[in-house]
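> Dropping the sequence and predicted coords here.
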Amino acid sequence: MKNLVYAAAALVDSTVAAFERGGALRKVTKTSLMPALAVASPPQNAGMAVGLAGSWAGDVALLGDSDRAFRAGLFSFLVAHLGYTAALAQRSQPGSRRAVVPIVTASAIGAVVFARAAGPMGRPVGLYALTLGTMVAAASTVRGAGARRVFGGAALFAVSDALLGASRFVLKGRAKRVAAAGVMPTYAAAQWLIHTGFRGEGNPRETA
């Protein structure tokens with residue numbers, strides 16, 4: 001039932017974001033997402049709690065459209081990813097790090113691309129992209145129940161942020177609107193997968 005409440009909150013916010021971006025209603029729908037997730041899937045340790053709190057702060061910051069708001073959002077989510085990375089590293093197992101180098105390499109390339117596209121905000125954007133990539137790499141080393149769900153959520157988080165970066169710095173017109181509309185659905189799904197997967201709420205037979 002609690003998962004359904006979060007799913008409903010995510011659906012409503014994604015719909016509102018697509019048709020009323022920056023509207024007053026989003027101050028309610030967007031800021032309710034992480035509290036609803038905390039109720040549905042309470043953080044299991046300090047790192048996951050930091051990830052959830054940093055994400056909520058980032059959601060609040062990104063209600064604004066200014067560069068200052070964007071920087072605040074970047075910093076908040078950077079802190080969130082550091083928390084997630086620390087938590088996920090605790091679930092890492094020997095021999096599970098084969099994908100780390102390719103993921104970090106791809107993240108570095110993405111960081112350079114988006115940093116160049118971001119202009120004056122290139123450095124913070126590049127640093128954020130590398131931090132996000134580190135979190136995805138840490139997720140790839142998780143083993144046990146829910147591991148696939150965790151990695152899927154981390155990868156989807158990267159997709160969501162790529163859509164956000166593309167819609168803000170690269171795309172124009174209809175393509176920009178389409179990319180922006182995909183940010184919240186992928187973000188909400190990513191958070192849910194990471195938290196429920198970390199709690200071992202995926203298939204108990206998962207080992208990879």
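Cool, the structure landed.
> which SSE is the residue most central in space within the chain in?
The chain has F157 as the residue nearest its centroid, 3.7 Å off, counting by Cα atoms, centre = their mean. Assigned by DSSP states H and E, F157 belongs to helix 147-165.
> after that helix, next one along is what?
In N-to-C order, the element after helix 147-165 by DSSP H and E is helix 173-181.
> any low-confidence regions in this structure?
Applying pLDDT under 70 to the chain flags residues 20-22, 201-208.
> Strands of that one, start to end?
Assigned strands in the chain: none (criterion: DSSP state E).
> picking that back up, so the residue nearest to the centre of the chain is in contact with A189, correct?
No - look at F157 against A189 with Cβ atoms under 8 Å: they stay out of range, at 9.2 Å. Placement of C-beta: from N, CA and C, glycine included.
> who touches Y128 in this structure?
Neighbouring residues of Y128 by Cβ atoms under 8 Å, 6 or more residues apart in numbering: L74, F77, L78, D161.
> neighbours of G110, just the number please.
19 (other Cβ atoms under 10 Å).
> how close does it get to G64?
Going from G110 to G64 by Cβ to Cβ, to the nearest Å gives 25 Å.
> quick one on the thing from earlier: now the helix holding F157, how far from the chain's geometric center?
When distances are taken as Cα atoms, centre = their mean, to the nearest Å, helix 147-165 is centred 6 Å away from the chain's centroid.
> Check which residues of it are buried.
Residues 147-158, 160-165 are the ones in helix 147-165 that count as buried (16 or more other Cβ atoms under 10 Å).
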